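A.B. asks: give me coordinates for this.
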Amino acid sequence: MRTIQYALLATASLALTGCFAYTLDETEQAVITRFGEPQGNPVTEPGLHFKVPLADKVNRFEKRWLEWNGDPNQIPTKDKKYIWVDTFGRWRISDPLRFFQRMHDERTAQSRLNDIIDGETRNAIASYNLIEAVRATNRAFEDEEHVENERREELGKIEVGREQLTRQILERAKAVVSEFGVELVDVQIRRINYVDEVQVKVFERMISERKRIAERSRSEGMGKAAEIRGQKERELKSIQSEAYRRAEEERGKADAEATKIYAAAFGRDAEFYQFMKTLDAYPHAVDSSTSLFMGTDSDFFRYLKSATKR
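C.D. replies: Numbering: from 1, shown residues only. I've put the predicted structure just below:
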């Protein structure tokens, strides 16, 4: 019996404590309302706090930074390019009392942020050409040498750039949401893409440009190959010409040396030299298919005639 009494007493004590007190952790802040009306300043310190039982209600809100993820929107740019823009942001509840009075809860705040940030994104994107939302600087393209002059002029130079464009969206949206007790710290463009109808044409144009670049590279390669072959032919002819020149020089030296030897031999025995040269000439002058008519007093047969007399 006494155990049951102790249990009932403990339950009543916990119930009374729950009616009089509440706790907040480090990630929470609260607005106390009495019959729906806010009471005093927001509670932002963690720990144990007290309230009027039954009449007061604790409305808890996040103190941490919260995510906002927008839905992709189809937006036309200033140069009439239709694109999908996907954005995200980070925000927190900076004034819980004002937030409670204007938004009441996070779901309503997320919906309101959708309207505000999406609207500012649409205004910013529609005010600039597509290149402003894509590029942040005017640095040269990696394949700048392959970009045609008219294509380069079409792309143009950026004046604002993606980073400054997102800063504009942030600053304009921040000024609006601050009225709701919300601090917007960052807005970024997650992704930009063409709509399906335009995307097909863009891919076709990219394929066409790449084919043209490939054809140009192939043509340049063929020209370079022809240049290399021409250089090879010139070098080959130069080598052959140099070899022929050196061969002729060696042949000339050999002929000169042979002539020198022949002259020395002729000087020692002119009759024998003339005899040998005449014998060398016979096989070249007369063969089995040659008919030769000469007088017997011809110098060509002088040695044969003298041999017959002997």
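
A.B. asks: quick one: stretch 107-119 to chain centroid distance?
C.D. replies: 35 Å (CA atoms, centre = their mean, to the nearest Å).

A.B. asks: cool, stretch 172-191 as well?
C.D. replies: 32 Å.

A.B. asks: start the count at 50 instead of 1 going forward.
C.D. replies: Got it, the first residue is 50 from now on, which makes the last one we talked about stretch 221-240.

A.B. asks: what residues of it count as buried?
C.D. replies: By 16 or more other CB atoms under 10 Å, the buried positions in stretch 221-240 come out as 221-223, 225-226, 229-231, 233, 236, 238. In short, each C-beta sits where N, CA and C put it, glycine included.

A.B. asks: can you give me the pLDDT of K286?
C.D. replies: You'll see K286 listed with a pLDDT of 90.

A.B. asks: give the burial count for it, as a bare number.
C.D. replies: 10 (other CB atoms under 10 Å).

A.B. asks: which pLDDT value belongs to R351?
C.D. replies: 66.

A.B. asks: picking that back up, would you turn the buried residues of stretch 221-240 into CSV with distance to S338 and pLDDT?
C.D. replies: Output for the buried residues of stretch 221-240, formatted as CSV (distance: CB to CB, whole Å; pLDDT from 0 to 100):
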residue, distance to S338, pLDDT
R221, 112, 90
A222, 113, 89
K223, 115, 88
V225, 118, 88
V226, 118, 87
F229, 123, 87
G230, 126, 88
V231, 120, 89
L233, 114, 89
V236, 108, 89
I238, 100, 86
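
A.B. asks: and the furthest pair within the residues you listed?
C.D. replies: Maximum pairwise distance among the buried residues of stretch 221-240 (CB to CB): 26.1 Å, between G230 and I238.

A.B. asks: the longest helix along the chain: what's the following helix or strand?
C.D. replies: Ranked by residue count under DSSP state H, the longest helix found in the chain is helix 245-317. Toward the C-terminus, helix 245-317 is succeeded by helix 319-334 as the next helix or strand (DSSP states H and E).

A.B. asks: could you check the angle helix 319-334 makes with the longest helix of the chain?
C.D. replies: 140 degrees (axes from the mean of the first three to the mean of the last three CA atoms, to 10 degrees).

A.B. asks: which elements pack onto helix 245-317?
C.D. replies: Packing partners of helix 245-317 (3 or more CB pairs under 8 Å, 6 or more residues apart in numbering; DSSP states H and E): strand 131-142, helix 319-334.

A.B. asks: turn these into a markdown table, including distance to E282.
C.D. replies: Shown next, in a markdown table, are the helices and strands packed on helix 245-317 (distance: least, CB to CB, whole Å):
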| stretch | distance to E282 |
| --- | --- |
| strand 131-142 | 55 |
| helix 319-334 | 39 |
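
A.B. asks: the ones you listed: which one's closest to S266?
C.D. replies: Taking CB to CB, strand 131-142 is the member of the helices and strands packed on helix 245-317 nearest to S266, at 30.9 Å.

A.B. asks: with only the CA atoms kept, save the closest one in PDB.
C.D. replies: The C-alpha coordinates for strand 131-142 follow below in PDB (Å, rounded to 0.1, in the frame of the first residue of the first chain):
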ATOM      1  CA  TYR A 131      15.800  29.100 -71.700                       C
ATOM      2  CA  ILE A 132      17.600  27.300 -68.800                       C
ATOM      3  CA  TRP A 133      16.900  25.400 -65.700                       C
ATOM      4  CA  VAL A 134      18.300  27.000 -62.600                       C
ATOM      5  CA  ASP A 135      18.700  25.000 -59.400                       C
ATOM      6  CA  THR A 136      19.600  26.900 -56.200                       C
ATOM      7  CA  PHE A 137      20.300  26.300 -52.500                       C
ATOM      8  CA  GLY A 138      20.900  28.400 -49.400                       C
ATOM      9  CA  ARG A 139      21.500  28.400 -45.700                       C
ATOM     10  CA  TRP A 140      19.500  30.400 -43.100                       C
ATOM     11  CA  ARG A 141      18.700  30.500 -39.400                       C
ATOM     12  CA  ILE A 142      16.100  32.000 -37.100                       C
END
